[in-house]
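J.: what's the 3D shape of this:
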Amino acid sequence: MLSARRNFTSGIYISTNTTVKNLILLILAIPMLVIGISGCEDSDAESPIIVFVDPNETTIEANANERILLNVSASTNVGTTLNMKVESRDLVFGVVQHFDSTFAQPSINYVLDYIIPQYPDSTESILKFTFTNSAQNQIEIARRLLINKGASLVTETSGHVIHSLASSQPNAFSLDAVAPGYLQDTLTFSVDIYDTSDELVNGETLSRSWESFTGLNFVEFNGFNYASANSLTIKSAYESGLKLTRISGVQSGDVYMVGRGNTALGAIQIVAVVDQPGVEEDSYNFNLKKINQ
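T.: The predicted structure is shown next:
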């Protein structure tokens, strides 16, 4: 009889016949698992259950959304069945069970097809395998996953506002300062983004158009997952997209990668665009994920 529960994973079976309390417990549990990882062998020599996991490296480096295949072989010389459970433990998702199956024979070969979830940069997660035979003998082994290790950290800020160029309020934004300012202050302020509204051209209507005084490029990517974006996904979207020096039709929900040349600098999510009668309150509200250089 085979019963399975999966999350983030799928597999191929080859028959051979988070509250605060939970977070504290998770933090305490990870060091204990790391001690188990550091052993030389996958299985305790005295255990009736023998397990091999390939790759056999105790630490695996991977990126978010990457697929890794883990070949698992297990056998027991006591009992007639084997149960295999696989779960991950980390400070992002907590404890997540990916696989739970009971196999009606004393030995199994299994390929675990595991897709790395969308983790922040430089995350460590523990993937734990637990095997139990019908005599209730049990053994656990683990693999440490280092995710997005080579990625840069991203600083996320929100609630930024720039106003219409036709108003008397700040109409530009500096990525370096992560602050609004004025297009008129280019000698003392890095005008990376500014609104292009002109009352002679647009009247009292917000232009919904942005340009840069510092050579910033914009890449529109409205299918981009901003909430879980990290430096790797931002860089990939920027490098593969059409780079523009001017964007038009800016509206709520838009997402833009920004950078200079071939270097991505961050991602902007438009939260709201306000275009009221007159020009003084016309504005853009946006969030920013800036790649630390």
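
J.: so where does residue 290 fall, helix or strand?
T.: Using DSSP states H and E, residue 290 maps to strand 283-291.

J.: Sorry, slip of the keys, the one I care about is residue 257.
T.: Using DSSP H and E, the element containing residue 257 is strand 255-260.

J.: now swap in residue 234 and tell me
T.: Assigned by DSSP H and E, residue 234 falls in helix 231-240.

J.: and the strand holding residue 290, what does it pack onto?
T.: strand 154-163, helix 231-240, strand 263-274 (3 or more C-beta pairs under 8 Å, 6 or more residues apart in numbering; DSSP states H and E). C-beta: built from backbone N, CA, C; applies to glycine.

J.: how far off strand 255-260 does that strand point, in degrees?
T.: Following axes from the mean of the first three to the mean of the last three C-alpha atoms, to 10 degrees, one obtains 60 degrees for the angle between strand 283-291 and strand 255-260.

J.: Let me know the average pLDDT across strand 283-291.
T.: For strand 283-291, the mean pLDDT works out to 97.

J.: Now do that strand: everything it contacts.
T.: Where contact means C-beta atoms under 8 Å, 6 or more residues apart in numbering, the residues beyond strand 283-291 that reach it are 152-164, 169, 175, 178, 195, 226, 229, 231, 234-235, 250, 264-274.

J.: swap the cut-off to 7 Å and go again
T.: If you take C-beta atoms under 7 Å, 6 or more residues apart in numbering as the criterion, strand 283-291 is touched by 152, 154-164, 175, 178, 229, 231, 234, 250, 264-274.

J.: From what I see, residue 193 and residue 174 are in contact.
T.: No. Using C-beta atoms under 7 Å, residue 193 makes no contact with residue 174, being 8.2 Å away.

J.: Between these two, which is the more surrounded one?
T.: Taking other C-beta atoms under 10 Å, residue 193 and residue 174 do not tie; residue 193 has more neighbours (27 against 17).

J.: Skip the chain neighbours and tell me the closest residue to that one.
T.: Nearest in space to residue 193, with sequence neighbours left out and distances taken as C-beta to C-beta, 6 or more residues apart in numbering, is residue 173 at 4.4 Å.

J.: what are the phi and psi angles of the one you found?
T.: phi -150, psi 140 (degrees, to the nearest 10).

J.: now could you export just the CA positions of the helix holding residue 234 as CSV?
T.: Extracted as CSV, the C-alpha positions of helix 231-240 are listed here (Å, rounded to 0.1, in the frame of the first residue of the first chain):
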residue,chain,number,x,y,z
SER,A,231,18.9,39.7,-6.7
LEU,A,232,19.1,36.7,-9.0
THR,A,233,15.6,37.0,-10.3
ILE,A,234,15.9,40.8,-10.7
LYS,A,235,19.2,40.4,-12.6
SER,A,236,17.7,37.8,-14.9
ALA,A,237,14.7,39.8,-15.7
TYR,A,238,16.7,42.9,-16.3
GLU,A,239,19.3,41.2,-18.5
SER,A,240,16.7,39.5,-20.7
